[in-house]
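Participant: requesting a structural model of the entry that follows:
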Amino acid sequence: MAISGGPDTTTDGLLIAIDTTDRNSYRGSGNTVFDLCGNSNVTLNGTTSVVSGPVSGSSLNIPFMNLTGTGTSNFGSFSNRSVMDINNSSYEFFAFWGTLGTGGPDTLYSRENARFYATAYGGGALGGFVRGNNATQFEGSLTGNGAVTTNTWYHLVFTVDFTSTFAVYKNGVLAGSTNISALGTGFIDPTGGFNPVIGSRYGGSGTPETKMTGGMSIFRFYNRPLVAGEVLQNYNALKSRFNL
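Facilitator: Next comes the predicted model:
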């Protein structure tokens, strides 16, 4: 399967492909964005919806999931969480932040059942939280050039490999990583607790500083950590759509 908009992206291990610019994924109305892989659709809750418009005054005008922050009901939920009950994995986004807070993380995605989230912290530093099954954890920003600013589209890929690293790639390039091999062989609880969501933590009802205000056009989930060449391949395949 190929995602529209450029040369083929890597599909080995791809389980979820959400793409608001593809009419097969978002059909122009309603609060459901369909998974091109057929495993788990996204329902947009509260004031979260698909809109079209420029970001930061640019001429780019594409549909995206408008993540509206603070309200406890504003988030995207998945119709089948079990497809993501996997330890080593990758989470891919084309997204932007409209605001960046000064408190907790502005969360792109969380799997609170597995004790994992991917985020930008108050100053725009990319990072997240990973808790392993030996009850130890990593939480914080990643070293390197993993920082973002507001009203700018980014291609972001977060990879989790319990034999080595938690890493984030920004616009096709490794932006930061940390060794998580001491956390155990997998997530502390990959099947229990809250459902995975986009734009929030705690199953969607997180406190305001944990919720993202911004936009997301593409979300993809892989059942394995992508390698650097695959991340770059995906970025090059789709970057022109976002004027990157």
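Participant: what's the spacing between Asn234 and Val51?
Facilitator: 24 Å (C-beta to C-beta, to the nearest Å). For the C-beta atoms, the positions are set from N, CA and C on the backbone; glycine is no exception.
Participant: neighbour count: the two, which is higher?
Facilitator: Asn234 (27 against 13; other C-beta atoms under 10 Å).
Participant: surely the more buried one touches Asn171?
Facilitator: No: Asn234 is beyond contact range of Asn171, at 10.9 Å (criterion: C-beta atoms under 8 Å).
Participant: test my guess that Gly146 contacts Gly127.
Facilitator: Yes: Gly146 is in contact with Gly127 according to C-beta under 8 Å; the separation is 7.1 Å.
Participant: any common contacting residues for the two?
Facilitator: Common neighbours of Gly146 and Gly127 (criterion: C-beta atoms under 8 Å, 6 or more residues apart in numbering): 168, 176.
Participant: between Asn234 and Asn171, which contacts overlap?
Facilitator: Overlap of the contact sets of Asn234 and Asn171 (by C-beta under 8 Å, 6+ apart) consists of His155.
Participant: neighbouring contacts of the helix or strand of the chain with the lowest mean pLDDT?
Facilitator: Sorting the helices and strands of the chain by mean pLDDT, DSSP states H and E puts strand 49-53 at the bottom, at a mean of 86. Applying C-beta under 8 Å, 6+ apart, the external contacts of strand 49-53 come out as 20, 26, 31, 33, 44, 61-66, 215.
Participant: secondary structure and distance to Ser110 for those - can I get that in JSON lines?
Facilitator: Shown next, in JSON lines, are these (DSSP: H, G, I helix; E, B strand; the rest coil; distance: C-beta to C-beta, whole Å):
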{"residue": "Thr20", "secondary structure": "coil", "distance to Ser110": "20"}
{"residue": "Tyr26", "secondary structure": "coil", "distance to Ser110": "22"}
{"residue": "Asn31", "secondary structure": "coil", "distance to Ser110": "20"}
{"residue": "Val33", "secondary structure": "strand", "distance to Ser110": "18"}
{"residue": "Leu44", "secondary structure": "strand", "distance to Ser110": "16"}
{"residue": "Asn61", "secondary structure": "coil", "distance to Ser110": "29"}
{"residue": "Ile62", "secondary structure": "strand", "distance to Ser110": "25"}
{"residue": "Pro63", "secondary structure": "strand", "distance to Ser110": "23"}
{"residue": "Phe64", "secondary structure": "strand", "distance to Ser110": "19"}
{"residue": "Met65", "secondary structure": "strand", "distance to Ser110": "15"}
{"residue": "Asn66", "secondary structure": "strand", "distance to Ser110": "18"}
{"residue": "Gly215", "secondary structure": "strand", "distance to Ser110": "17"}
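Participant: in those, find the pair that's most separated.
Facilitator: Asn31 and Asn61 (21.2 Å; C-beta to C-beta).
Participant: okay, the two: which has more neighbours?
Facilitator: Each of Asn31 and Asn61 has its neighbours counted (other C-beta under 10 Å); Asn31 has more, 13 against 9.
Participant: need the pLDDT of the more buried one.
Facilitator: Note on Asn31: pLDDT of 95.
Participant: contact partners for it?
Facilitator: 43-45, 48-49.
Participant: out of the residues you listed, which are buried?
Facilitator: Buried by 16 or more other C-beta atoms under 10 Å: 44-45, 48, out of the contacts of Asn31.
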